[in-house]
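J.: Make a model of this:
(chains A, B, C and D)
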There are 2 protein chains.
Amino acid sequence: MKQKLRLRQFEALMAVIQHSSVTRAAKDLGISQPAVSRLLSDLGQTLGFSLFDRRNGQLVPTQEVRFLQSDIQRVLDLMDQIGEVSQSITERKAGHIRIACLPGFATSHLPGVVAIFLGDRPGVSITIEPDRPERILEWMIDEQFDFGITDGFRGHSAVESRDIDVRTVCIFPSGHRLEALSEITPADLADEKIIHTRRDSDFFKSLANAFFESNTPLTTLVETRQFTAACELVSHGVGVAVVSELDAVKFANEKIQSRPFSPAISHRLSLVRPTLKRPSAVTLEFIDAFAASLAPYQVVFPKGL
Amino acid sequence: MKQKLRLRQFEALMAVIQHSSVTRAAKDLGISQPAVSRLLSDLGQTLGFSLFDRRNGQLVPTQEVRFLQSDIQRVLDLMDQIGEVSQSITERKAGHIRIACLPGFATSHLPGVVAIFLGDRPGVSITIEPDRPERILEWMIDEQFDFGITDGFRGHSAVESRDIDVRTVCIFPSGHRLEALSEITPADLADEKIIHTRRDSDFFKSLANAFFESNTPLTTLVETRQFTAACELVSHGVGVAVVSELDAVKFANEKIQSRPFSPAISHRLSLVRPTLKRPSAVTLEFIDAFAASLAPYQVVFPKGL
DNA sequence: GAATAATATAACACTATGTTATACTCGACC
DNA sequence: GGTCGAGTATAACATAGTGTTATATTATTC
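T.: Numbers count the residues shown, from 1 in each chain, chains lettered A, B, ... in the order given. Here you go, the predicted model:
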């Protein structure tokens, strides 16, 4: 017999083994007895050996069948599992998201968002890969990741982005004379050594421009890539800095103080993903969840703008 | 969609993933392109999400599909495996045989037969369980074993047996005065202390009868259940014995000699199996192979009997 | 924008799987 | 031994899954 093995036949077989009776198996499967009867005889033909022996009116599986039984059960279980997983996927309860982000996010803001997101979705898993913006951009273009969190993004045809401007604040060590002020301007920082981001970064340019506009010289103390590093330095009393409010709140403790900076300078984050690659539903949900998590820190533009 | 997941759809899916093209997948599966096309769309409907994205004319599986891919592949592999195993079973190349036997067989004659039998059948496995005849009989009745090798079997409705009479020989230590004889009679053993099997065994009764007929007293030295033990004792020079030729040849070495015994006494072995339980094809093959292996030791009855 | 290739859709054929009706098989019981 | 009933197999037919060919639609390429 060149017939193919069919799942339905296996289902019938296992049901009959379980119930030792074609009639009961049929009832269990919710179909008629003759249907089961034929499924079995077809299967027997295909396999080439008899499946059951009668013994006092009971059907007992032959040794050959018992030999195959565990494999057959495994197939049926796997099929069920696939069904369940695909169900989870459509309900956005399963899937995998690969996230590339700036190092600062990997350690501070992102984990909290991820934890909440996964809490409700037992089947979802997430990979987080922190690196420099240039590398994140590459990864998006290569479609190696589903979602990226970066800054200084200039746009790219293969990358779709959604920009979020986050408020920034001036931070300084506790007990500093600036503590007396409720808002800090460049002029207030005239005599301070400043920790700031790289000179080629957009954020530095905005900052430098603010100082230039108020005719205040900007004295560099440390130049760093990351706001986190700046916060760390300030908390050790090394100097003052203007950083994203997002980072400032993570570092808020007795050693560090923050005040709004005027003129308001925003730090532009870009939530990016590969344009051409169709994102999975969970990925989109995650991006939304992440964007929402940033809302409290987001710059609210005046309506007129 | 309440549709059921079908194997054929999975086959189509994997083929398309492999070839990145519906047309090539169809060619690979040996069916028409529209058939594959519909299998995919049906599967997509059932699963509830799209399966592929087009990219430069290539079809790339969505993340959801990749998430399920390994499970799907496993199902297909398992189905193949089941097909192959069942093929092996019908070709008598796979299965399992549970053998219960007398302890003597487990160590001497049986392993050789098993080794040759398995050599030609890579998928077959065998369990050997040595024990006393009473236990072997129980196991047959309970159908816990497929095949038993025993002696002193009296018949039982639930057990089918095939008796084989094995020649017996008289064994004695090398250098013994019996070495001079070409055949040994009870009279020759009149002054010997004899190692023999239990008094309630059939074999002992035949032996005792032979002595009785020739008016020779039978002096017991050791009473043992097993021929193997008797051989062992004889090889240590303890005494003489009449044992199955089967055991005698295994112990044939410089320390031990054997001669035919007259009158000829046979040792009746019974190859047994559960009557009601339909034996697997490999089991029957094995029983035949085992019976054949005993042929050289079997008593040839005169035609007139 | 036309030509070509790939894929989807339509209409239909055959097989798997379901149905109901009915015949067979076997142990229980008189 | 004959009858009964339970369980199972077979027959005849309906429906859904899976195949076909023909054709429309869509994507890619020049």
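
J.: Get me the contact residues on chain A for chain B.
T.: Neighbours of chain B within chain A, by Cβ under 8 Å from any Cβ of the partner chain: A:5-7, A:47-50, A:53, A:55, A:62-64, A:67-68, A:71-72, A:74-75, A:78-79, A:81-83, A:85-87, A:89-90, A:94-96, A:146, A:276-281, A:283. (Each C-beta comes from the backbone N, C-alpha and C, glycine too.)

J.: do you know how far A:Phe67 is from A:Leu7?
T.: For A:Phe67, the distance to A:Leu7 equals 19 Å [Cβ to Cβ, to the nearest Å].

J.: who has more neighbours, these two?
T.: Neighbours per residue (other Cβ atoms under 10 Å in any protein chain shown) separate A:Phe67 from A:Leu7, with A:Phe67 holding more: 21 against 18.

J.: The closest residue to the more buried one other than its chain neighbours pairs with what?
T.: Sequence neighbours aside, B:Gly95 is the residue nearest to A:Phe67 in space, at 5.8 Å (criterion: Cβ to Cβ, 6 or more residues apart in numbering or on different chains). Beta-bridge pairing for B:Gly95 (DSSP bridges): B:Val124.

J.: Does B:Gly95 touch A:Gln63 like I think?
T.: Yes: applying Cβ atoms under 8 Å, one finds B:Gly95 in contact with A:Gln63, separated by 6.6 Å.

J.: For the two, list the residues in contact with both.
T.: Jointly contacting B:Gly95 and A:Gln63 under the rule Cβ atoms under 8 Å, 6 or more residues apart in numbering or on different chains are B:280, B:283.

J.: Looking at the two, which is more packed in?
T.: B:Gly95 (25 against 22).

J.: The stretch 151-300 of chain A: helices as residue ranges?
T.: Using DSSP state H, counting those that start in this stretch, the helices found in the stretch 151-300 of chain A span residues A:202-213, A:227-235, A:245-251, A:281-294.

J.: Which strands and helices lie in contact with the host helix or strand of A:Arg66?
T.: A:Arg66 is part of helix A:63-90, with elements assigned from DSSP states H and E. Applying 3 or more Cβ pairs under 8 Å, 6 or more residues apart in numbering or on different chains; DSSP states H and E, one finds that helix A:63-90 makes contact with helix A:7-19, strand A:94-101, strand A:123-130, helix B:33-47, helix B:63-90, strand B:94-101.

J.: Now tabulate those in TSV and tack on mean pLDDT and distance to B:Leu246.
T.: Formatted as TSV, those follow (pLDDT from 0 to 100; distance: least, Cβ to Cβ, whole Å):
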stretch	mean pLDDT	distance to B:Leu246
helix A:7-19	91	41
strand A:94-101	93	64
strand A:123-130	94	63
helix B:33-47	89	62
helix B:63-90	90	32
strand B:94-101	94	12
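
J.: With adjacent residues omitted, what lies nearest to the residue in the stretch 151-300 of chain A that DNA strand C sits nearest to?
T.: Nearest residue of the stretch 151-300 of chain A to DNA strand C, counting by Cβ to the nearest atom of the strand: A:Arg278, 14.2 Å away. Distance criterion Cβ to Cβ, 6+ apart; nearest residue to A:Arg278, sequence neighbours excluded, is B:Asp53 at 4.7 Å.

J.: repeat for A:Val240
T.: In this structure, A:Val240 finds its nearest non-sequential neighbour in A:Phe172, 4.2 Å apart by Cβ to Cβ, 6+ apart.

J.: who are the neighbours in contact with the one you found?
T.: Applying Cβ under 8 Å, 6+ apart to A:Phe172 gives the contacts A:178-179, A:192, A:234, A:240-241, A:256-259.

J.: Apply 7 Å and report the result again.
T.: A:178, A:234, A:240, A:257 (Cβ atoms under 7 Å, 6 or more residues apart in numbering or on different chains).

J.: Kindly report the same for A:Arg98.
T.: Contacts of A:Arg98 (Cβ under 7 Å, 6+ apart): A:127, A:145-146.

J.: Turn these into a markdown table, including distance to A:Thr185 and neighbour count.
T.: As requested, the contacts of A:Arg98 are exported to a markdown table (distance: Cβ to Cβ, whole Å; neighbours: other Cβ atoms under 10 Å in any protein chain shown):
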| residue | distance to A:Thr185 | neighbour count |
| --- | --- | --- |
| A:Thr127 | 43 | 11 |
| A:Phe145 | 40 | 23 |
| A:Asp146 | 42 | 26 |
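
J.: for those, which one is nearest B:Asp131?
T.: Distance to B:Asp131 across these (Cβ to Cβ) is lowest for A:Thr127, with 57.7 Å.

J.: For B:Arg121, see how far away the closest one is.
T.: Taken as Cβ to Cβ, the span from A:Thr127 to B:Arg121 is 48 Å.

J.: Mind listing residues that contact the worst-scoring helix or strand of chain A on mean pLDDT?
T.: Of all helical and strand segments in chain A, the minimum by mean pLDDT, DSSP states H and E falls on strand A:52-55, at a mean of 82. Residues outside strand A:52-55 that contact it (Cβ under 7 Å, 6+ apart) are A:59-62, B:276, B:278.

J.: Name the strands paired with that strand and say parallel or antiparallel.
T.: Paired strands of strand A:52-55, with direction, are strand A:58-61 (antiparallel) (DSSP bridges).

J.: And the average pLDDT for the partner strand is what?
T.: Strand A:58-61 carries an average pLDDT of 86.

J.: Contacts made by that strand with the rest, please.
T.: Contacts of strand A:58-61 (Cβ under 7 Å, 6+ apart): A:16-17, A:20-21, A:51-53.

J.: and the stretch 1-150 of chain A, which of its residues are near DNA strand C?
T.: A:3-4, A:6-9, A:12, A:30-32, A:34-35, A:38-39, A:42, A:54, A:56-57 (Cβ under 7 Å from any atom of the strand).

J.: For the nearest residue to A:Leu29 once chain neighbours are set aside, give me its contacts.
T.: Of all residues not flanking A:Leu29 in the chain, A:Ala15 sits nearest, at 5.4 Å (Cβ to Cβ, 6+ apart). Listed by Cβ under 7 Å, 6+ apart, the contact partners of A:Ala15 are A:25, A:28-29.

J.: Name the nearest of the residues you listed relative to A:Ile164.
T.: A:Leu29 (54.9 Å).
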